[in-house]
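> predicted coordinates and the sequence they were generated for:
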Amino acid sequence: MNISASKALQAVVEPSLVAAENVTAGYRDKIVWQEANFSIGRGEFVAVIGPNGAGKTTLFRLLLGLQRPISGTIRIFGEPPKRGNPQIGYVPQRHVIDSETNVESLELVRLGLSGKRWGFNPLSHADRDTAFTVLESVGARELAHRPLGVLSGGELQRIFLAEALVSNPNLLLLDEPLSNLDMRRESDLLHLVNGVVQDRGVTALLIAHNINPLLPHLDKVIYIANGRVATGRPDEVLTSESLTALYGVQVEVLRDDKGNVAIIGIEEHLRK
Amino acid sequence: MAVAFSLNIISDLQVMLQYQFMQHAFEAGTVVALIAGVTGYFVVLRRSAFTAHAFSEIGFAGAAGAILLNIPPIAGLVLGSSLGGFAIAALGRRATNRDTQIGIVLAFALGLGLLFISLYTGYATEAYSILFGEILGISYGQVVLTVVAGVGIIAAVGFVYRPLLFASLDEDVAEAKGMPMLFLGMVFMLLVAFAVSFAVQVTGVLLIFSLMVTPAAAAQYLARRPAVAIAISVAIALGATWVGLFVAFYENYPVSFFITGIVFGLYMIIRLTHLGRAPAHPRRRSEKSTTGEMALGRKGP
């Protein structure tokens, strides 16, 4: 059985990992986006893209249980989202460590594992070994004893990824991990995340500004713009017809000969 | 001090510890150095030094009020600083950065303290000892109280150690993990309020930084593991307190001056020998290359 067939079979057998039905999100006086319907299966790599302020982080806040939908239902592992769900690993946006913080990276990864536990146990060898193993798996073992405050953007993202993975989650939420990375480090990190998705069977949602570097890895894309949410395979969603139909304004999706995508029309419309 | 200093340190120590007030000073000083060194690490990590200072001045108003009402100053200190702590924690998780509001409350508290002192018709030395410490005038009862409070504070820090460290280092993730951020903020503020109240006996309200901030700040340069940094912070606070008491016994100048002088000297030595290293000088390399930006072809024309 090939991989896509087994994934399709899984989708039939297992209920989807994340399911949204007619979800409208926003705040008391402002709707950010509405009537979103999508489902995400186990082991899928999903990009969440769209212009600034479109509500990409709002989607994550809903999944994390930090915010409730205005209407509609969301299910994660068949249950409503709840804050502190141990099945979710989260790397927030603009997650910057104070440059004066002279605490070694290993400590942060360890706190990702045991930070919720009460009591004093800084010398747990089991925790330490687990943290080292995870650091190794994201290629950051040599950063273990470096202080967080001096790490570069790419190095920090690896540590944050380890911090999120150390508790062995089934769903990984990464909010703009690629900002401030150059092309090479962007590509390195994406390969790393993709490897995690493959090896651990983790589902990853990754917020990004630019979909092109992600295209080779993606199973699905969630495109949020102008109060609407489009979901599906990249080649289904990112077409002039589907986006024009969804947004009711003329949207053009351009592709170059390398398969790079440019979406034109949405942001111009927003500015009016 | 009428006692002469000799070159035999052992006999000097023996002579000094014959005096009961010196015994009490060492006992209380040791406990205070311990709690200040431990809580100070979190104060420095959370960048809450100004907040800690504000507590001590709100505590000053409380202590001055207590003197006026003829109750023990420590009761007023604890009450004043914990109320201040609750108020600041209740303002929200970013409240420690609200310099302006904290400064406004701090100034008013100090003014209130001044009023209480002027209303009090007894000796002005009470005010002086709250402001600059009175380690050589500690009674047996105060020592016992300090030990009890010290055990309580250390046990509480031990209990919240990992969640507090996590919440201090990585607020966003800790919150998403469902940790009780407001509760942890309150616990932190209360711990600092209590630690400040007892540290005031040694250093006084105005010199509180010398035990709460300087040792922990110096320790941050020397260790990257929090548990080790806390141990170093405690060691510096303890060393400064002990040496300060010892020197002040033979040289008739204030103990508080020696303690502040020793920690300041140590901090400067550590700072200068660690120039260019974390924490003060980040070497954050910029990974953003302009060519990379252009080649990525951001969305839109």
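Noted; the coordinates are in hand. Numbers count the residues shown, from 1 in each chain, chains lettered A, B, ... in the order given.
> if I look at residue B:182, how far off is chain A?
According to C-beta to the nearest C-beta, to the nearest Å, residue B:182 stands 13 Å off from chain A. In short, each C-beta sits where N, CA and C put it, glycine included.
> mind showing which ranges of the chain have poor pLDDT?
No chain in the question, so chain A it is. Flagging of chain A using pLDDT under 70 yields the residue ranges A:1-15, A:94-96, A:122-123, A:266-272.
> sorry, should have said chain B
B:1-2, B:92-98, B:122-124, B:275-301.
> of all the residues in it, which one is nearest chain A?
residue B:178 (1.8 Å; C-beta to the nearest C-beta).
> isn't residue A:99 right up against residue A:151?
No - with contact defined as C-beta atoms under 8 Å, residue A:99 does not reach residue A:151; the gap is 9.7 Å.
> leaving out chain neighbours, which residue sits closest to the residue of chain B closest to chain A?
residue A:84 (1.8 Å; C-beta to C-beta, 6 or more residues apart in numbering or on different chains).
> now do residue B:24
Among residues not flanking residue B:24 along the chain, residue B:138 sits closest, at 4.5 Å (C-beta to C-beta, 6+ apart).
> residue B:6 - that's part of a helix, no?
No - going by DSSP: H, G, I helix; E, B strand; the rest coil, the assignment for residue B:6 is coil, not a helix.
> give me the element the residue lying closest to it once chain neighbours are set aside is part of.
Once flanking residues are discounted, residue B:6 sits nearest to residue B:12: 5.9 Å by C-beta to C-beta, 6+ apart. When elements are assigned from DSSP states H and E, residue B:12 belongs to helix B:9-17.
> which helices and strands does that helix pack with?
Using 3 or more C-beta pairs under 8 Å, 6 or more residues apart in numbering or on different chains; DSSP states H and E, the elements in contact with helix B:9-17 are helix B:20-45, helix B:226-250.
> tell me the angle that helix makes with helix B:226-250.
Interaxial angle, helix B:9-17 versus helix B:226-250 (axes from the mean of the first three to the mean of the last three C-alpha atoms, to 10 degrees): 80 degrees.
> chain center to helix B:9-17: distance?
Computed by C-alpha atoms, centre = their mean, to the nearest Å, the chain-centroid distance of helix B:9-17 equals 29 Å.
> equivalent analysis for stretch A:243-262, please.
23 Å.
> that one and chain B, any residue contact?
Yes - judged by C-beta under 8 Å from any C-beta of the partner chain, stretch A:243-262 comes into contact with chain B through A:260, A:262.
> okay, buried residues for that stretch please.
A:243, A:246, A:247, A:251, A:253, A:261, A:262 (16 or more other C-beta atoms under 10 Å in any protein chain shown).
> and of those residues, the nearest to residue A:187?
residue A:261 (16.7 Å; C-beta to C-beta).
> quick check: bridge partners of that closest one?
residue A:255 (DSSP bridges).
> using PDB, write out every CA atom in stretch A:114-133.
C-alpha atoms of stretch A:114-133 as PDB (Å, rounded to 0.1, in the frame of the first residue of the first chain):
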ATOM      1  CA  SER A 114       8.500  19.300  33.700                       C
ATOM      2  CA  GLY A 115       7.700  23.000  34.000                       C
ATOM      3  CA  LYS A 116       4.100  22.200  35.100                       C
ATOM      4  CA  ARG A 117       5.200  20.000  38.000                       C
ATOM      5  CA  TRP A 118       5.300  21.500  41.500                       C
ATOM      6  CA  GLY A 119       8.200  20.800  43.700                       C
ATOM      7  CA  PHE A 120      11.900  21.200  43.400                       C
ATOM      8  CA  ASN A 121      13.700  18.700  41.300                       C
ATOM      9  CA  PRO A 122      16.400  20.400  39.300                       C
ATOM     10  CA  LEU A 123      18.700  17.300  39.100                       C
ATOM     11  CA  SER A 124      16.300  14.800  37.600                       C
ATOM     12  CA  HIS A 125      18.500  12.600  35.300                       C
ATOM     13  CA  ALA A 126      15.500  11.200  33.500                       C
ATOM     14  CA  ASP A 127      14.300  14.700  32.500                       C
ATOM     15  CA  ARG A 128      17.800  15.600  31.500                       C
ATOM     16  CA  ASP A 129      18.200  12.600  29.300                       C
ATOM     17  CA  THR A 130      14.900  13.200  27.600                       C
ATOM     18  CA  ALA A 131      15.800  16.800  27.000                       C
ATOM     19  CA  PHE A 132      19.100  15.800  25.500                       C
ATOM     20  CA  THR A 133      17.400  13.200  23.200                       C
END
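> that one and chain B, any residue contact?
Yes - using C-beta under 8 Å from any C-beta, stretch A:114-133 reaches chain B at A:114, A:115, A:116, A:117, A:118, A:119, A:120, A:121, A:122, A:123.
> could you check which helix or strand contains residue A:54?
Using DSSP H and E, no helix or strand contains residue A:54.
> give me the neighbour count for it.
Neighbour count for residue A:54, taken as other C-beta atoms under 10 Å in any protein chain shown: 23.
> picking that back up, contacting residues around the residue nearest to residue B:178?
Applying C-beta atoms under 8 Å, 6 or more residues apart in numbering or on different chains, one finds that residue A:84 lies in contact with A:65, A:116, B:176, B:177, B:178, B:179.
> could you tell me the angle between the helix holding residue B:12 and helix B:20-45?
Interaxial angle, helix B:9-17 versus helix B:20-45 (the same axes, to 10 degrees): 100 degrees.
> how about helix B:9-17: buried residues?
Result for helix B:9-17 [16+ other C-beta under 10 Å]: buried residues B:12, B:15, B:16.
> can you pull out the helices in the stretch 51-200 of chain A?
For the stretch 51-200 of chain A, helices defined by DSSP state H, counting those that start in this stretch occupy the ranges A:56-64, A:105-114, A:125-137, A:153-165, A:183-200.
> out of those, which is closest to residue B:202?
So among the helices of the stretch 51-200 of chain A, helix A:105-114 is nearest, using C-beta to C-beta, at 30.7 Å.
> which elements pack onto the closest one?
Using 3+ C-beta pairs under 8 Å, 6+ apart, helix A:105-114 sits against helix A:125-137, helix A:153-165, helix B:140-169.
> report whether the second one contacts chain B.
Put plainly, it is helix A:153-165. Yes - where contact is defined by C-beta under 8 Å from any C-beta, part of helix A:153-165 touches chain B, namely A:153, A:154, A:163, A:164.
> list the contacts of residue B:77.
B:59, B:60, B:62, B:63, B:66, B:130, B:196, B:197, B:200.
> residue 140: neighbour count?
If you meant another chain, say so; for now it's chain A. Neighbours of residue A:140 (other C-beta under 10 Å): 24.
> think we crossed wires, I meant chain B
For residue B:140, using other C-beta under 10 Å, the count is 11.
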